[in-house]
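Trainee: Build me a model:
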Amino acid sequence: MVEHLTKQAFLEKVFNYEQNQEWKFEGTKPCIIDFYADWCGPCKMVAPILEELALEYAGKIDIYKIDTEAEQELAGAFGIRSIPSMLFVPVSEQPQMSVGALPKDSLKKAISDILLKESVN
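Mentor: Numbering: from 1, shown residues only. Purely as a prediction, here's the structure:
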């Protein structure tokens, strides 16, 4: 299931940017973070796709959502200018940002290319 993150949960599960200058992932599984807003049409189109992917990849990746209206500091920390924006976070590499609503096949490709490639090798 997709989990909504507050700033506190983000600091614990993803990246504590208040304590670390350099990127240091706090999680144990790769994740996707969807920066969205309730009024955003493309965000609403992506939401059910992310729910499907959360079920398909259960136990392999985590999928989080951050409401840019409620968590403006988090959106600012990542320079979110347009939504939806998705941050793909592998366990031991730098995260990669994607802007715009991606179709399911593109999301699955990003999951296999960015998030799960370590387990393939």
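Trainee: Can you give me the neighbour number for residue 74?
Mentor: 22 (other CB atoms under 10 Å). In short, each C-beta sits where N, CA and C put it, glycine included.
Trainee: cool, residue 68 as well?
Mentor: 21.
Trainee: Do I have it right that it meets residue 34?
Mentor: No: judged on CB atoms under 8 Å, residue 68 makes no contact with residue 34 at a distance of 10.0 Å.
Trainee: Now do the same contact list for the residue nearest to residue 99 when sequence neighbours are not counted.
Mentor: Nearest residue to residue 99 in three dimensions, chain neighbours excluded: residue 85, at 5.0 Å (CB to CB, 6 or more residues apart in numbering). For residue 85, the contact set (CB atoms under 8 Å, 6 or more residues apart in numbering) comprises 34, 35, 78, 97, 98, 99, 100.
Trainee: Return the per-residue confidence for the second one.
Mentor: Looking at residue 35, its pLDDT reads 98.
Trainee: burial count for it?
Mentor: Residues near residue 35, counting by other CB under 10 Å: 24.
Trainee: That one - that's part of a strand, no?
Mentor: Yes: applying DSSP: H, G, I helix; E, B strand; the rest coil, one finds residue 35 inside a strand.
Trainee: contacting residues for it?
Mentor: With CB under 8 Å, 6+ apart, residue 35 has these contacts: 66, 68, 74, 75, 78, 80, 83, 84, 85, 86, 87.
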